[in-house]
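>>> got a predicted model here, sequence first, then my questions.
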Amino acid sequence: MRAVASLIVPHTAMPEAKEFALKAIALDETVANAHTALAFVLHYCEWDWSGAERAYRSALELNPGAAWGRINFA
């Protein structure tokens, strides 16, 4: 994510990241990385713990070996 790499400020990047994650899920809800991206925004930016947990669990159900999802969910 550009915000994590400090290329743009988080308050600008995170709403955009959430929008793109939701669009990706709408296009294909079987893409684990889209759920992980949504979970990341909910977790670290919006502090929506239950929403983030649901999104992480969805991502890991779709791809149990997803390292990024496991690391952030842990």
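Okay, I see it.
>>> list the buried ones in the top helix by length along the chain?
What stands out as the longest helix in the chain, according to DSSP state H, is helix 10-27. Buried positions in helix 10-27, judged by neighbour count with 16 or more other Cβ atoms under 10 Å: Pro10, Ala13, Met14, Ala17, Lys18, Ala21, Ala24, Ile25. (Each C-beta comes from the backbone N, C-alpha and C, glycine too.)
>>> help me confirm that the fourth one comes into contact with Leu42.
No: in this structure, Ala17 is not within contact of Leu42 by Cβ atoms under 8 Å, at 10.5 Å.
>>> contacting residues for Glu16?
Not one residue lies near Glu16 by Cβ atoms under 8 Å, 6 or more residues apart in numbering.
>>> how about the helices in the chain?
10-27, 32-44, 49-62, 67-73.
>>> what distance separates the last one from the centre of its chain?
Mean-position distance between helix 67-73 and its chain equals 10 Å (Cα atoms, centre = their mean, to the nearest Å).
>>> renumber starting at 165 from here on
Noted, 165 is the first residue going forward, which turns the last one into helix 231-237.
>>> just the CA trace of it, in PDB.
Taking C-alpha atoms only, helix 231-237 is exported to PDB below (Å, rounded to 0.1, in the frame of the first residue of the first chain):
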ATOM      1  CA  ALA A 231       1.000 -14.900   4.700                       C
ATOM      2  CA  TRP A 232      -0.100 -11.200   4.700                       C
ATOM      3  CA  GLY A 233      -3.500 -12.100   6.000                       C
ATOM      4  CA  ARG A 234      -2.100 -14.400   8.700                       C
ATOM      5  CA  ILE A 235       0.500 -11.800   9.900                       C
ATOM      6  CA  ASN A 236      -2.000  -9.000  10.200                       C
ATOM      7  CA  PHE A 237      -4.700 -11.100  11.800                       C
END
